Every structure is written in C-alpha cells, then in structure tokens.
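1. only geometry, no sequence info:
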C-alpha cells in the first residue's frame, strides 16, 4: 500500500489571528467582570452582615455622660420585659379561673385583676410598642445613673448580696434551710402556744432553687438575648438604689409640724353648726364620732385622721380644711367648711406639735427628692437618640 502523504498544516491567516485575539480579549473581560460582580455581591452581603451584627447592634439608642446604651442591649432588655409582662398576664388569667364568681368578694377581686390584666395587655398592643420601649429605655438610663452615683459615693454591694437577692426572688432562703438542718438544743423552756411558734412549711431546697433558676434562664434570658451578667447587674443596681436614695436625701427633714385631727361631716349647714357648738361647749369628740357613724338616719359620718402634715388634708378634703387644721386653737372646732354645699366639714384639732415623720411619709419624701434628682440628671447628662426604629415588637 502506498504510504499516505501527510498534508502540511496551514498557518492561520491574519483574519483568523485577529478573530482569535478578539475572542480571547472578550473572554478575559467577561472573566474580570464576573470576578468584579462577585466581589461586589460578597462585599454587599458582607457589609449587610457586618452592619446587622456589629454596626447596628452597637449603635447607641441613648448616651449617659457620652457613654452609649447599645441597641443590642436595649433590644434584649425590651424582649425580656415583654416576656415578663406576658407571663404576668398568664398568671392573672390562671388566677381568674380559680375565683368563685358566686362570691361577692371574689367578684370584686376578679374585677380588679381583670383591669390590671387589661392594662398589661394594652402595654403589649401593637400601638404601644414605642411607649413600652420608652419606659424600658428610661429604666436603663436610671440604672446607669444610679450605678454611676453609687460609684461616685463609694457605695457597693457584694456578690453574696446579689446572690441572696436572686434567691429571694425565687422563694429560696438559705438561712431557713440551714435552720431546718441544724439540730435543736433541748431546753427547759415551756411553750404554751405551739401553733404560734411552729412553722410547718418546708422551705425550698437548694436543688429546687437551681432547677427554677435554670428554667428562668431557659424561658426568659436565652430567648430574649439578655445575658445572665446583665440580669445580675440589674439586680445589683436594684440593691444599690435604696442606698443611693438614702445618701442623696440625708439632709431631708425628718420632723414636721403635725396636727391630730378629727373631721365630722354632715349634709346640711345647720347640722354642722350644731356639731361645732356642741364640741366647743365641751362635749366629747369621740362620743360625737360614734353618734354620727352609728346614726340610723345617715345624717353624716366622722373619722379620726390621726397625725397629719400640712397639705395632706388639701388632697383628701380641701385647702380650707387643711388651713383650719393648722390655724384654729387646739381643742376647738372650726366653722363649717364646704366645697359644693352638699357636704359640710367640721374640723376638730386634738393636738398640734412637731413630730417625727412616720416611715411611710419619710420614704415618700425621699422618693420625691430622688425623682427630682433623676430628672435633673437626665436633663443635663442624658442624650436620647432614635430608639423607636429598633424597638422589638415581639414576643
């Protein structure tokens, strides 16, 4: 067989070379465009992730002394407070199912509980998201101010105090548990009323507390994103607050001019004038109080108000009643006082002197002073930013 003659390969002509170069260049351009688009997409996605996880999360919703309250901390606290409010609503619903609605007293309690439940539900309503967030942020601001003031004043609480406070929130009393496990030393003391001194309720054990606390973390802290450290810090500030209040109100007056007052009330001017005359003639105020309150005709009523400070009777009765309590001579009755001619008041002053304030009044005065201090600090040290756009509306 004759050997096939190999054909020489033709070299590409100029047109083919130009076409090939053009195609290669176009392919390189497409490749670089694809790489560029990919880089842009990854950059956009990356920026979105960074923006959500870092930039937005760390953006401030408020500043206290220039220090930020971060969005992520605010959102976690809002979710925690919403969870707590929802749980309170569920508890109220559970209580309502247990009330005997045939009992008149239970009906009154159920009505009050239903009103409180509705108020809580209103707080979680879609239209109340910003209002709910505002109250939470305000609480966080106040906590920051209290913490800073405590540091300035050198006021501290120990971690053991924080531990005990958390334990008490769950009903655990380590001292009560220790008392039940400590053997009693026999004595010769005779107990005449064992019912009055014997506590048969078994205290919560440490293991039970730890179980409840773990449930709390599972139900409240983890779903809300609130760290255990942040929760403990809020408990710590709760303990610091009364100490700071006391320190800031040391100069508050603990004594005040007070009057021991009895008010007698009737429906007519004539009856009020008769009461005034009888009291100023020396009749017993206690006897007249009993007479009015036991009258079958329902012609009036009377009450011994105890010791009152200036201003107290303005709220309960009228400014004229308050004035009479601190101006008429001790042991005398005032002229009849009326607001709308449907009731007439006769004020009898048993005594008047400067006295120590009772604990409730003193506490209210301190809280009022502290509230004024907080308002001043917020005005000068706090900057509120736009928190409404990042306020959670769930759970």
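-> Looks like it arrived, so ask away. Note that the structure is a prediction, hence the values are computed from the model and not measured. Numbers count the residues shown, from 1 in each chain.
2. residues contacting residue 321?
-> 263, 313-314, 337, 345, 347 (Cβ atoms under 8 Å, 6 or more residues apart in numbering). (Glycine included, C-beta is placed from N, CA and C.)
3. let's see that with 10 Å instead.
-> Contacts for residue 321 (Cβ atoms under 10 Å, 6 or more residues apart in numbering) come out as 261, 263, 312-314, 334, 337-339, 345-347.
4. show me the residues you listed that map onto strands.
-> The members of these that map onto strands under DSSP state E are 261, 263, 337-338, 345-347.
5. roughly how far does the closest residue to residue 64 other than its chain neighbours sit from residue 371?
-> Nearest non-adjacent residue to residue 64, counting by Cβ to Cβ, 6 or more residues apart in numbering: residue 144, 4.5 Å away. According to Cβ to Cβ, to the nearest Å, residue 144 stands 16 Å off from residue 371.
6. quick one: which of those two has more around it?
-> Neighbours per residue, other Cβ atoms under 10 Å: of residue 144 and residue 371, the larger number sits with residue 144, 20 against 12.
7. buried residues in the helix or strand hosting the more buried one?
-> If you go by DSSP states H and E, residue 144 is part of helix 129-153. Neighbour-count burial for helix 129-153, counted by 16 or more other Cβ atoms under 10 Å, picks out 129, 132-133, 136-137, 140-150.
8. cool, and stretch 247-266?
-> Going by neighbour count (16+ other Cβ under 10 Å), the buried part of stretch 247-266 is 248-249, 256, 258-266.
9. any chance you could map the strands in the stretch 1-150 of the chain?
-> Applying DSSP state E, counting those that start in this stretch to the stretch 1-150 of the chain gives strands spanning 60-64, 67-70.
10. show me what contacts the residue nearest to residue 64?
-> 62-65, 67, 69, 237, 377, 381-382.
11. which secondary element of this structure has the worst mean pLDDT?
-> helix 194-197 (a mean of 39; mean pLDDT, DSSP states H and E).
12. which element is encountered next along the chain beyond that one?
-> helix 206-216.
13. give the rounded mean pLDDT of that next one.
-> Average pLDDT, helix 206-216: 97.
14. what is that helix packed up against?
-> helix 159-169, helix 174-181, helix 228-248 (3 or more Cβ pairs under 10 Å, 6 or more residues apart in numbering; DSSP states H and E).
15. so where is the stretch 151-300 of the chain shaky, pLDDT-wise?
-> The model of the stretch 151-300 of the chain has pLDDT under 70 over residues 181-200.
16. swap in 90 and give it another go.
-> 176-202, 295-299 (pLDDT under 90).
17. I'd like the strands of the stretch 1-150 of the chain laid out as CSV, including mean neighbour count.
-> Formatted as CSV, the strands of the stretch 1-150 of the chain follow (neighbours: other Cβ atoms under 10 Å):
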stretch, mean neighbour count
strand 60-64, 20
strand 67-70, 16
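18. can you list the ones you listed in CSV and add distance to residue 301?
-> What follows is those, written out as CSV (distance: least, Cβ to Cβ, whole Å):
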stretch, distance to residue 301
strand 60-64, 51
strand 67-70, 53
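19. now mean pLDDT and distance to residue 167 too, for those, in CSV please.
-> Output for these, formatted as CSV (pLDDT from 0 to 100; distance: least, Cβ to Cβ, whole Å):
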stretch, mean pLDDT, distance to residue 167
strand 60-64, 98, 30
strand 67-70, 98, 28
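20. for the ones you listed, which one sits closest to residue 232?
-> Smallest distance to residue 232 across those (Cβ to Cβ): 17.7 Å, for strand 67-70.
21. mind listing residues that contact that closest one?
-> For strand 67-70, using Cβ under 10 Å, 6+ apart, the contacting residues are 56-63, 74, 76-77, 137, 140-141, 143-144, 148, 381-385, 387.
22. coming back round to it: just the helices and strands packed on helix 206-216: most buried one?
-> helix 228-248 (a mean of 16; mean count of other Cβ atoms under 10 Å).
23. check the offset of that one from the chain's centre.
-> Its chain's average C-alpha position is 13 Å from that of helix 228-248, according to Cα atoms, centre = their mean, to the nearest Å.
24. what does stretch 217-224 give?
-> With Cα atoms, centre = their mean as the basis, stretch 217-224 stands 19 Å off its chain's centre.
25. contacting residues for the residue most central in space within the chain?
-> Note on the chain: the residue nearest the mean C-alpha position is residue 139, at 7.3 Å, using Cα atoms, centre = their mean. For residue 139, the contact set (Cβ under 10 Å, 6+ apart) comprises 77, 81, 234, 237.
26. ok, which pair from those residues is furthest apart?
-> The most widely separated members of the contacts of residue 139 are 81 and 237, with 15.0 Å between them, by Cβ to Cβ.
27. hang on, the earlier thing: out of the buried residues of helix 129-153, who's nearest residue 96?
-> Nearest member of those to residue 96, counting by Cβ to Cβ, is residue 132, at 23.3 Å.
28. quick one, domains of the protein?
-> Residue ranges for each domain of the chain read 67-182+203-250+379-390, 256-356, as given by automatic domain parsing.
29. okay, those, which one's buried deepest?
-> domain 256-356 (a mean of 16).
30. sorry, back to before: any chance of the contacts of residue 144 in CSV, plus distance to residue 358?
-> Output for the contacts of residue 144, formatted as CSV (distance: Cβ to Cβ, whole Å):
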residue, distance to residue 358
62, 38
63, 40
64, 35
65, 37
67, 40
69, 38
237, 28
377, 29
381, 34
382, 34
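31. can you give me the distance of residue 65 to residue 71?
-> Counting by Cβ to Cβ, the gap from residue 65 to residue 71 is 19 Å.
32. avg pLDDT for stretch 328-342?
-> Here the average pLDDT along stretch 328-342 is 94.
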